[in-house]
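A.B. asks: Need coordinates for the following:
(chains A and B)
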Number of protein chains: 2
Amino acid sequence: MPRIPEDQIDAVLALVDADIDKSLQRLFDLIRIPSISTDPGYRDQCKAAAEWLSRDLDSIGFDASIRPTTGHPMVVAHQKDAAGPHLLFYGHYDVQPVDPLALWTSDPFEPRLEPLPNGDTAIVARGASDDKGQMMTFVEACRAWKAVTGKLPVQVSILFEGEEEAGSPSLAPFLDATAEELKADMVYVCDTDMWDRETPAVTTMLRGLYSTEVEIACADRDLHSGMFGNAARNALQVLSDVVSSLRTPDGGVAVEGFYDGVKELPEAIKAQWQRLPFDEKGFLADIGLTIPAGEAGRSVLEQVWARPSCEINGMSGGYTGEGFKTVIPAKATAKISFRLVEGQVPEKIRDAFKAHVAARIPADCSVTFKDFGLAPATVMPIESPFLTKTLAALSAEWECEAALAGTGGSIPIIGEFKRRLGCDALLVGFARFDNRVHSPNEKYDLSSFHKGIRSWVRILAELAE
Amino acid sequence: MPRIPEDQIDAVLALVDADIDKSLQRLFDLIRIPSISTDPGYRDQCKAAAEWLSRDLDSIGFDASIRPTTGHPMVVAHQKDAAGPHLLFYGHYDVQPVDPLALWTSDPFEPRLEPLPNGDTAIVARGASDDKGQMMTFVEACRAWKAVTGKLPVQVSILFEGEEEAGSPSLAPFLDATAEELKADMVYVCDTDMWDRETPAVTTMLRGLYSTEVEIACADRDLHSGMFGNAARNALQVLSDVVSSLRTPDGGVAVEGFYDGVKELPEAIKAQWQRLPFDEKGFLADIGLTIPAGEAGRSVLEQVWARPSCEINGMSGGYTGEGFKTVIPAKATAKISFRLVEGQVPEKIRDAFKAHVAARIPADCSVTFKDFGLAPATVMPIESPFLTKTLAALSAEWECEAALAGTGGSIPIIGEFKRRLGCDALLVGFARFDNRVHSPNEKYDLSSFHKGIRSWVRILAELAE
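C.D. replies: Next comes the predicted model:
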């Protein structure tokens, strides 16, 4: 049971509702700063966005400061006068470039409101959703708490980054340098989607990754297939044999020991995913397919969120131009990656894969590997009280059961929080699948923004002791 | 038994020996004309080479003429005052470009003689071997016969082409237009190698070819492997499964019916190939390999000359640049070719291959084929009297058993002679494997040239009736 009386929470929510236009104007001010991180021409604008945020956080009682990096600055802020747990909230103030500009229906950095057919309203602008709109839901919730009660329900630190859309090059060294300062009981990130338009979600499962480039070398030069065809080993044939051997006929991955340690999805999550609306056919139809390609008997959501995969991301060898050359390629290359789940040890998967390949290389050929990523999956135990309370707060606000979601991709920053600070993270976001993030006419629904703020008001209350 | 008395043959051979320097000077004159067919800048020089040949053939009693084409002209010549069979001799007067010029030790079009460690002498120049040197062995043999006996032992027509190094675009229509004029009892081509430095060879087996480009399409766009990995079909995985299914573990080709109609090599040829010197290990070591990749239990020569093959000539799909992208490719492409042998019907192989692939495409993916070459193998029956007599003449000149050779490659002009004129062809050449054909410092051994001329003197005598 939260220590905070219901009427106090209601008062804060009422202020959120009353001030929603002011909150929106503040978001518009932030959006108007074109903080494109990948373009060096916008360096000053990135700094301006950091300064705007630092000032805004100061104005609601945070001890905020701008911390330079070799790239764009970080904004760090603390407000720890409450008892209770210490949260670190992460967001990013940088945005994607806007080209092709011609496809925008209005200036990307002049936010405008557009009525939607469903009665909602869209905030159209670059960064409206990713991540300025999402980030400000948390700031506005803090502002309302502070205005009504004079303090925040829990201890809060904030980290706003300005290089997320540029690969976060400064994040790891910055976390290392500020680990003592930023270490918290839980990291919250607001940069993800809802389950669907009505159902909020906490993303707690992120797959890990092992990616590598495999090069197979056979003869010492490309050969003429007329003179050597049959007798000379064909590198593309060897590579195709290797690639084909990676999958079983029922859609599994055939590397020995690949599923060692992989657990079945907790029954509670499995049951929820069956209960919640998800259109498997529609998901596949949207990409022009009809048949799930993963392990037989598992749902599409399980396949993409909860089961490990092996994907061939690129292959090349021999003659690939126009027309035809009857060459026997001496070399052939494949880029191959594995999405990993909880229980899989990336180093073991890497070694098992290399052994799998090596066992299939003829004695007079050779193979070399060039490794890229290697990261474990991160999963929040469903018993975590932070998770339970967050789900309860979201369910209360949205008046429906909040979903436990996964994401098939790897979100590197989550791994960094774990590695550098030792902190787990919960991803709570209010974006909708049609937000056109990274694309022209990016939008954030007014209901995402408004109910997002209200959601954080409730989450903070729920976490108070 | 040849009708021509031995002493007459000896007289012709003696003249060849006595006049070898004059023959060489004529070859040098022809080599000095830089008749590079692929470079439009050398158009006049190609015409000059044709004119030189036409004049030279006229001078030894041929009725020679230059026939224009849309490209470089043909030289056609006849001398049919003898009884006996009618031969059509084919050669080409055009040569490959000479770049990289810096790697030549002397002017490519100023032939020079260079002593070789084995006591032989090399004629170093572009075209010395391919094909001016080889072609002139036949012309010089005719010259010697004419000088000694006043006529040729058989009816001879000559066709010299000027576009062989540019894909012979005019040959097929020209053969169609002149079929009645050029139709002969046997075509002889002088553009191939000896078995080894001491052993002459007649090439009688040419593999056919079916080549095609296979494109597999799955999703309607490239996908992010984090979001769709496992559930979305991966076009490279499908393609690799297809490619891997084409070969059996013992090196055979797995397409249904692929070996239908394929005959075992005649025992006589098999026995000869085992008897003649051929260094399997050296053949593979020269390309950096040690294990023959074709059908188990068959010799390397059988694999490359007498057995059909399937080769992957190129594959591409997904991201193939520097670094890594975790994309699931929507499309993947392979260039695949089959070398065919006697008994295989190219159209049946094509259809069986397409059915083989189609059976392996998931129901929600598709495959398209873009066919390139489709040509049957050509094989000369070993019972042909032309072959028997040619082998006897070569064995007499080189004082060892002449070899029956194959070539794994397809020589399109041979198919054209069969298709357009209905003529079989025998390939008799005196080049050595180290002639650096198409490369800088191309050479032809003086012994190839001199004994090549003597070989044709004997072949013409042997074929006389």
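A.B. asks: Only C-alpha atoms from now on, for both contacts and neighbour counts.
C.D. replies: Noted.
A.B. asks: Contacts for the helix or strand hosting residue A:353 next, please.
C.D. replies: Using DSSP states H and E, residue A:353 sits within helix A:346-358. If you take CA atoms under 8 Å, 6 or more residues apart in numbering or on different chains as the criterion, helix A:346-358 is touched by A:208-210, A:242, A:255-258, A:340, A:367, A:369, A:374-376.
A.B. asks: Restricted to strands, list these.
C.D. replies: Members of those lying in strands (criterion: DSSP state E): A:208-210, A:340, A:367, A:369, A:374-375.
A.B. asks: nearest residue to residue A:371 other than its sequence neighbours?
C.D. replies: residue A:212 (4.1 Å; CA to CA, 6 or more residues apart in numbering or on different chains).
A.B. asks: Show me the shaky parts of the stretch 151-300 of chain A.
C.D. replies: When residues are selected by pLDDT under 70, none of them lie in the stretch 151-300 of chain A.
A.B. asks: run the last query once more with 90
C.D. replies: Counting by pLDDT under 90, the stretch 151-300 of chain A contains low-confidence ranges at A:166-167, A:224-227, A:266, A:268, A:276-277.
A.B. asks: if you go through it in chain order, where are the strands?
C.D. replies: A:155-161, A:186-189, A:201-206, A:208-217, A:223-224 (DSSP state E, counting those that start in this stretch).
A.B. asks: For the longest one, which strands pair with it and how are they oriented?
C.D. replies: This points to strand A:208-217. With DSSP bridges as the test, strand A:208-217 is paired with strand A:331-340 (antiparallel), strand A:366-375 (antiparallel).
A.B. asks: Mind checking those for the one nearest to residue B:389?
C.D. replies: strand A:331-340 (45.1 Å; CA to CA).
A.B. asks: which residues are in contact with the closest one?
C.D. replies: Identification of contacts with strand A:331-340 by CA under 8 Å, 6+ apart yields A:207-219, A:222, A:235-236, A:239, A:307-318, A:346, A:376-377, A:408-409, B:226, B:229, B:319-320, B:324, B:326.
A.B. asks: how about a cut-off of 7 Å?
C.D. replies: Contacts of strand A:331-340 with the rest of the structure, by CA atoms under 7 Å, 6 or more residues apart in numbering or on different chains, involve A:207-218, A:235-236, A:239, A:308-317, A:376-377.
A.B. asks: any idea of the angle it forms with strand A:201-206?
C.D. replies: 130 degrees (axes from the mean of the first three to the mean of the last three CA atoms, to 10 degrees).
A.B. asks: Residue of the stretch 351-465 of chain A nearest chain B, please.
C.D. replies: residue A:409 (3.5 Å; CA to the nearest CA).
A.B. asks: returning to what we had before: please produce a markdown table containing the strands paired with strand A:208-217, extended by mean neighbour count.
C.D. replies: Formatted as a markdown table, the strands paired with strand A:208-217 follow (neighbours: other CA atoms under 10 Å in any protein chain shown):
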| stretch | mean neighbour count |
| --- | --- |
| strand A:331-340 | 27 |
| strand A:366-375 | 16 |
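A.B. asks: Mind putting those strands into CSV with mean pLDDT and distance to residue A:139?
C.D. replies: Shown next, in CSV, are the strands paired with strand A:208-217 (pLDDT from 0 to 100; distance: least, CA to CA, whole Å):
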stretch, mean pLDDT, distance to residue A:139
strand A:331-340, 97, 34
strand A:366-375, 94, 31
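A.B. asks: before we move on, the earlier item: now the strands of the stretch 151-300 of chain A as CSV including mean neighbour count?
C.D. replies: Shown next, in CSV, are those (neighbours: other CA under 10 Å):
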stretch, mean neighbour count
strand A:155-161, 22
strand A:186-189, 22
strand A:201-206, 24
strand A:208-217, 23
strand A:223-224, 18
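A.B. asks: what about the ones you listed, which gets the closest to residue A:14?
C.D. replies: Of the strands of the stretch 151-300 of chain A, nearest to residue A:14 by CA to CA is strand A:155-161, at 22.1 Å.
A.B. asks: List the contacts of that closest one.
C.D. replies: Outside strand A:155-161, the residues within contact range by CA under 7 Å, 6+ apart are A:74-93.
A.B. asks: please redo it, this time with the cut-off set to 8 Å
C.D. replies: A:72-94, A:168, A:171, A:182.
A.B. asks: any idea which element the closest residue to residue A:52 other than its chain neighbours lies in?
C.D. replies: Once flanking residues are discounted, residue A:52 sits nearest to residue A:30: 7.2 Å by CA to CA, 6+ apart. For residue A:30, the enclosing helix or strand under DSSP H and E is helix A:20-31.
A.B. asks: Can you name every helix or strand that that helix contacts?
C.D. replies: helix A:43-59, helix A:132-149 (3 or more CA pairs under 8 Å, 6 or more residues apart in numbering or on different chains; DSSP states H and E).
A.B. asks: want to throw those helices into a markdown table with mean neighbour count and mean pLDDT?
C.D. replies: Compiled in a markdown table, the helices and strands packed on helix A:20-31 are given as follows (neighbours: other CA atoms under 10 Å in any protein chain shown; pLDDT from 0 to 100):
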| stretch | mean neighbour count | mean pLDDT |
| --- | --- | --- |
| helix A:43-59 | 19 | 98 |
| helix A:132-149 | 23 | 98 |
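A.B. asks: still on that earlier bit, ok, the residue of the stretch 351-465 of chain A closest to chain B - contacts?
C.D. replies: Residue A:409 makes contacts with A:206-208, A:339, B:225-227, as judged by CA under 8 Å, 6+ apart.
A.B. asks: let's see it at 7 Å
C.D. replies: A:206-207, B:226-227.
A.B. asks: Rebuild the residues you listed as CSV, extending it with distance to residue A:418.
C.D. replies: Putting the contacts of residue A:409 into CSV (distance: CA to CA, whole Å) gives the following:
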residue, distance to residue A:418
A:206, 12
A:207, 14
B:226, 20
B:227, 22
